[in-house]
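**Q** sequence isn't available, so here's the structure alone:
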């Protein structure tokens, strides 16, 4: 069992989830309620990671994060370390790759809030922040939770992009999914099996927790 | 300072608006008209939820909207209480918490007490901890009213608030609304498509069609004296006919009109010039059965073409060949119709009561 890889995967998933929480709420809410020119293209762009092969997306990110790119150079000058083949780069890639998994469920959740309920909140004299905190988030919470769990579980299991952007550096970019691949290449099926089982367990617990919490939140409104 | 609410709106678009309405403190104004007529849009505009192309809204001297001056006060800063058609309660909060959310202007320590007072006011004491889903339609409506009143609004807006409850509950809620009006004394605007409801509750009716104010006045005036055929149809007056003005008799306060071969006495409306064509209308209740030998100027002979029961009343369609090709309708209590054994094909004499005949410009 490669605990270092598991620890790195959990850290990567946690950072991705934490970063995507506010982004998902902000963008999901915006897409749910606002109409603007080019909205379809924005939605299509955000859904791209769902259909694009991870290696293709990974390739573009590798080029964009590399030391020769403006982004890579800017990051190097600001932070003092490279973006490609680093944990930071993995987090950024993971955030981009998980955008649809985070935003789409949150968008659907916000769309599910009746317009007149939001209008009633404004008529009650509530501030936008209070409306968000007291009305919108509690009503959209099942969708937000689903989005977070999907993002977390998906990050832990991601392989192609992680390999392209991060490579396979133990303790820095080697996640558990890559470690499993590594073990299988070395015919170490016992370790690969153990790590696969752990990954399966984590995913199962996360998904079950979402279903349980969602049904609990749903019952609370009755 | 102008007391009450004054609204002037103009809007082009899917739901055009050309409306001017005002509502004094303590007055209940009912906006009545067909669906899609702009009633709810006007209410939403007063609340600041929709913005018209042009308009001005003032409430007790405060300008809420003035498109010319670029003033558009945010919804949360307009002190309006709005009861939505389907109540729009916050489903995850209890009845009490729903009300507390509208009490942001009070100190946090006073909010629960005030919410309990409001719950008591709408006869929901003891049910404050229930979620909306655990309340009946009538109870949800009461919570919505309590929440709307919680802000101490300067105007109360009711968007078809009785449409989603059963008849018995509706009657109770009518009574409670009348009590609340007396207690709060603010302008109240009620949107409804139910004429009976509007005429029972409102001090004034405003008839709207395609966002345009067609007529404005006390319920009886609007219902019995529509300004034109369009309003007459909207207030459900079926007896609309055409005739000619014969002349006016100021001594008897009567205007004579011709209707086919008949001469009828109508309400005195000297503005209509003799010899000119005129539209006239009469409520079904003002068409009364009379004996054949009675001496009545406005008596006409008719044949019953249809008898239809409507609850405790019967609606009788009459054919008056010498008057019009359109049927003349009358209503009478069901028992009376039964005693007289009225049926299709019978010939009867009816009098068109002059006080009920109202003339309109064609």
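**A** Received, thanks. Keep in mind the model is a prediction, meaning the values are calculated, not measured.

**Q** so how far is chain B from residue A:80?
**A** The gap separating residue A:80 from chain B is 47 Å, by CB to the nearest CB, to the nearest Å. C-beta coordinates here come from the backbone N, C-alpha and C atoms, glycine included.

**Q** what residues does chain B have near chain A?
**A** Residues of chain B lying near chain A by CB under 8 Å from any CB of the partner chain: B:44, B:47-49, B:74-77, B:79-82, B:84-86, B:88-93, B:101-102, B:104-105, B:131, B:133-134, B:147-148, B:150-151.

**Q** low-confidence stretches in chain A?
**A** For chain A, the stretches with pLDDT under 70 are A:216-222.

**Q** point to the helix or strand of chain B where mean pLDDT is at its lowest.
**A** helix B:167-184 (a mean of 83; mean pLDDT, DSSP states H and E).

**Q** report all helices and strands that that one contacts.
**A** On a contact count with 3 or more CB pairs under 8 Å, 6 or more residues apart in numbering or on different chains; DSSP states H and E, helix B:167-184 meets helix B:137-150, helix B:195-201.

**Q** the helix or strand following the shortest one - contacts with which helices or strands?
**A** Going back to what we said before, that points to helix B:195-201. Per DSSP states H and E, the first helix or strand lying C-terminal to helix B:195-201 is strand B:204-209. Packed against strand B:204-209 by the contact rule (3+ CB pairs under 8 Å, 6+ apart) you find strand B:17-23, strand B:28-32, strand B:212-217, helix B:219-224, helix B:229-234.

**Q** for residue A:183, give me its contacts.
**A** A:2, A:189, A:191-192, A:195 (CB atoms under 8 Å, 6 or more residues apart in numbering or on different chains).

**Q** could you pull up the mean pLDDT of stretch B:41-60?
**A** For stretch B:41-60, the mean per-residue pLDDT is 93.

**Q** report the buried residues of it.
**A** Going by neighbour count (16 or more other CB atoms under 10 Å in any protein chain shown), the buried part of stretch B:41-60 is B:41-50, B:52, B:55-60.

**Q** just stretch B:108-122 next, same as before
**A** So for stretch B:108-122, counting by 16+ other CB under 10 Å, buried means B:111-112, B:114-116, B:118-119, B:121-122.

**Q** for those residues, give me a markdown table that also has secondary structure.
**A** Output for the buried residues of stretch B:108-122, formatted as a markdown table (DSSP: H, G, I helix; E, B strand; the rest coil):
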| residue | secondary structure |
| --- | --- |
| B:111 | helix |
| B:112 | helix |
| B:114 | helix |
| B:115 | helix |
| B:116 | helix |
| B:118 | helix |
| B:119 | helix |
| B:121 | helix |
| B:122 | coil |
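
**Q** quick one: which of those is nearest residue A:172?
**A** Nearest to residue A:172 among the buried residues of stretch B:108-122, counting by CB to CB, is residue B:111 at 53.5 Å.

**Q** from one end of stretch B:22-39 to the other, what's the distance?
**A** By CA to CA, to the nearest Å, the extent of stretch B:22-39 from end to end equals 14 Å.

**Q** what's the answer for stretch B:112-130, then?
**A** Note: stretch B:112-130 ends 15 Å apart using CA to CA.

**Q** mind listing what's buried in the least confident helix or strand of chain B?
**A** Neighbour-count burial for helix B:167-184 [16+ other CB under 10 Å]: B:169-170, B:173, B:176-177, B:180-181, B:184.

**Q** and the angle from that helix to strand B:28-32?
**A** Orientation check (axes from the mean of the first three to the mean of the last three CA atoms, to 10 degrees): helix B:167-184 against strand B:28-32 gives 140 degrees.

**Q** any residues touching stretch B:42-54, and which ones?
**A** With CB under 8 Å, 6+ apart as the criterion, stretch B:42-54 contacts A:119, A:122-123, B:5, B:7, B:9-13, B:17, B:19, B:21, B:31, B:41, B:55, B:57, B:64-65, B:67-68, B:72-75, B:78, B:80, B:82, B:155, B:157, B:159, B:189, B:191, B:208, B:211.

**Q** if we can go back for a sec, which of the contacts of residue A:183 are buried? Put it as a ChimeraX command.
**A** The buried subset of the contacts of residue A:183, as determined by 16+ other CB under 10 Å, is captured in ChimeraX by this line:
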select /A:2,191,192,195
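
**Q** looking at the contacts of residue A:183, which is nearest residue B:269?
**A** Among the contacts of residue A:183, and counting by CB to CB, the member closest to residue B:269 is residue A:195, at 94.8 Å.

**Q** isn't there a strand covering that closest one?
**A** No. Assessed with three-state DSSP, residue A:195 is helix; it does not lie in a strand.

**Q** look up how far chain B lies from it.
**A** Taking CB to the nearest CB, one finds residue A:195 at 41 Å from chain B.

**Q** can you give me the distance of the nearest residue in space to that residue that is not next to it in sequence to residue B:333?
**A** Leaving aside its sequence neighbours, residue A:195 sits nearest to residue A:180 (CB to CB, 6 or more residues apart in numbering or on different chains; 4.9 Å). Separation of residue A:180 from residue B:333 (CB to CB, to the nearest Å) stands at 87 Å.

**Q** and chain A, which residues reach chain B?
**A** A:114, A:116-117, A:119-127, A:130, A:134-135, A:138-139, A:220-222.

**Q** show me the residues you listed that map onto helices.
**A** A:116-117, A:119-123, A:130, A:138-139, A:220 (DSSP state H).

**Q** need those residues in CSV with neighbour count, can you?
**A** Below are these laid out as CSV (neighbours: other CB atoms under 10 Å in any protein chain shown):
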residue, neighbour count
A:116, 19
A:117, 20
A:119, 18
A:120, 28
A:121, 25
A:122, 21
A:123, 28
A:130, 16
A:138, 19
A:139, 22
A:220, 12
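
**Q** that older thread, can you tell me which of the helices and strands packed on strand B:204-209 is packed in deepest?
**A** strand B:28-32 (a mean of 25; mean count of other CB atoms under 10 Å in any protein chain shown).

**Q** and that strand, how far out from the chain middle?
**A** 5 Å (CA atoms, centre = their mean, to the nearest Å).

**Q** residues contacting it, please?
**A** B:21, B:23, B:39, B:42-43, B:181, B:187-193, B:195, B:197-199, B:201-208, B:219, B:234-235.

**Q** do stretch B:160-171 as well
**A** Under CB under 8 Å, 6+ apart, the answer for stretch B:160-171 is B:40, B:83, B:85-87, B:136-138, B:141, B:144-145, B:173-174, B:190-194, B:197.

**Q** just the buried ones out of those, please.
**A** B:40, B:83, B:85-87, B:137-138, B:141, B:144-145, B:173, B:190-194, B:197.

**Q** of residue A:180 and residue B:333, give the one with the bigger neighbour count.
**A** residue A:180 (22 against 11; other CB atoms under 10 Å in any protein chain shown).

**Q** tell me the secondary structure of that one, please.
**A** helix.

**Q** that one against residue A:198, yeah?
**A** No. Judged on CB atoms under 8 Å, residue A:180 makes no contact with residue A:198 at a distance of 9.7 Å.

**Q** pLDDT value on the residue of the stretch 101-250 of chain B found nearest chain A, please?
**A** Residue nearest to chain A within the stretch 101-250 of chain B: residue B:102 (3.8 Å; CB to the nearest CB). The model reports residue B:102 with a pLDDT of 95.

**Q** how about residues contacting the longest strand anywhere in chain B?
**A** Looking across chain B with DSSP state E, the single longest strand is strand B:299-310. For strand B:299-310, the external contacting residues (CB under 8 Å, 6+ apart) are B:262, B:290, B:314-323, B:327-328, B:331, B:334, B:337, B:342-352.
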